[in-house]
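In: got a predicted structure plus its sequence, pasted below:
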Amino acid sequence: MKRPRGTAGQDHRLRLVAGQGAAESPRSGSLRARLRAVGSQSVADGALAGRRELPAMPETAASSIHVLLVSLHLAEPPAWRRLELPSAITLDRLHQVVQGTFGWYNFGPHSFVTTYGEFGGPVRPTSRAAKRAAGRRDESGVALAQAAGGEGDVIGYLYGYDDEWKVDILVEQILPATPGVAYPRCTGGQGEDVPGEGYHGVREFNAERAEDTAEDGPPIFPFIDDIDPELETEMLAHLATVLIPRP
């Protein structure tokens, strides 16, 4: 069910075009184009997944944040969030963030596809996901700063069984953490009606959204589909931590 309203180079990495940053207008055509470009080239389909050695944790990770553009692969219109997370957050915790962001409840298997290989959590030996999971590495000991350590890096998140969801995670910026601020937090996005667990993949989700638009017509105001960052941040509060205490 949907969550109610209101509530590529040699190293296989994608890089942002110079001058495009987090300050860009959420409704700009260039951001929409970027979402599509990232989605079409994302490592989420596994095509770019490698088995390179993970880099060491950067010394600055304990006091820095990753600004992520997290978007639902192939959603139309785009459904995305801009999130600020601790650079040192582990992938198992990032999994929890993505689950909360799109209204999922961890009912199916998941994994992260990166240029360093595929990472995931434990699965039952008898489950349908066990065979695929055999090639994954443990996500709990891998930090975001290792899997996606540079601005413009992309990783993919896969969730579900036959009707698998894909999420594209783009690192927009890496910044010093602000004293007294708890992370993760949401600073913007679009697509108030996130999928939740009641859909069999993005095609069904898109079809219902198209049907709703046909019945109700497009919104009078383009910003009507903007989400409330404060409410989104509240939903992640149980995962939040202050990196740098306030003076």
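Out: That came through fine.

In: ok, what's across the strand from the closest residue to residue 83 other than its chain neighbours?
Out: Leaving aside its sequence neighbours, residue 83 sits nearest to residue 68 (CB to CB, 6 or more residues apart in numbering; 4.8 Å). Heads up, the C-betas are built off the backbone N, CA and C, glycines and all. Counting by DSSP bridges, residue 68 is bridged to residue 83, residue 171.

In: make residue 1 into 50 and carry on from there
Out: From this message on, residue numbering opens at 50, which makes the last subject residue 117.

In: thought residue 117 was touching residue 223?
Out: No. Residue 117 is not in contact with residue 223 according to CB atoms under 8 Å; the separation is 10.2 Å.

In: those two: who's more crowded?
Out: residue 117 (26 against 20; other CB atoms under 10 Å).

In: which residues touch the more buried one?
Out: When contacts are counted by CB atoms under 8 Å, 6 or more residues apart in numbering, residue 117 touches 131-134, 218-221.

In: for residue 172, see how far away the residue positioned nearest the centre of the chain is.
Out: Centrality entry for the chain: nearest residue to the mean C-alpha point is residue 119, 3.4 Å, by CA atoms, centre = their mean. From residue 119 across to residue 172, the span is 23 Å (CB to CB, to the nearest Å).

In: would you show me how to pick out the buried ones of the contacts of residue 117 in ChimeraX?
Out: Here is the ChimeraX command that selects only those of the contacts of residue 117 that count as buried (16 or more other CB atoms under 10 Å):
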select :131,132,133,134,218,219,220,221
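
In: any chance of the contacts of residue 117 in TSV, plus pLDDT?
Out: As requested, the contacts of residue 117 are exported to TSV (pLDDT from 0 to 100):
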residue	pLDDT
131	97
132	98
133	98
134	98
218	97
219	96
220	97
221	97
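
In: Provide the partner residues of residue 121 in its beta bridges.
Out: Under the criterion used (DSSP bridges), residue 121 bridges to residue 216.

In: now it: how far from residue 234?
Out: 20 Å.

In: of those two, who's got more company?
Out: Between residue 121 and residue 234, counted using other CB under 10 Å, residue 121 has the larger neighbour count: 24 against 20.

In: I figured that one hits residue 208, correct?
Out: No. Assessed by CB under 8 Å, residue 121 is found out of contact with residue 208, at 10.5 Å.

In: what residues are shared contacts of these two?
Out: 214-216.

In: hmm, which of those residues are the buried ones?
Out: Among the shared contacts of residue 121 and residue 208, those buried by neighbour count (16+ other CB under 10 Å) are 214-216.

In: residue 161: which of these is nearest?
Out: Of all those, residue 161 sits closest to residue 216, with 9.6 Å by CB to CB.

In: quick check: that closest one touching residue 151?
Out: Yes. Residue 216 is in contact with residue 151 according to CB under 8 Å; the separation is 7.2 Å.

In: shared neighbours, the two?
Out: Contacts common to residue 216 and residue 151, judged by CB under 8 Å, 6+ apart, are residue 121.

In: may I have the helix ranked longest in the chain as CSV, with CA atoms only?
Out: Counting residues, the longest helix found in the chain (DSSP state H) is helix 251-265. Taking Å, rounded to 0.1, in the frame of the first residue of the first chain, the C-alpha atoms of helix 251-265 are listed here in CSV:
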residue,chain,number,x,y,z
VAL,A,251,7.3,-0.1,-10.5
ARG,A,252,5.2,-0.8,-13.6
GLU,A,253,2.1,-1.4,-11.5
PHE,A,254,3.0,1.7,-9.4
ASN,A,255,3.3,3.9,-12.5
ALA,A,256,0.1,2.6,-14.0
GLU,A,257,-1.9,3.5,-10.9
ARG,A,258,-0.3,7.0,-10.8
ALA,A,259,-1.2,7.5,-14.5
GLU,A,260,-4.7,6.4,-13.8
ASP,A,261,-5.0,8.8,-10.9
THR,A,262,-3.8,11.6,-13.1
ALA,A,263,-6.3,10.7,-15.9
GLU,A,264,-9.1,10.8,-13.4
ASP,A,265,-8.1,13.9,-11.4
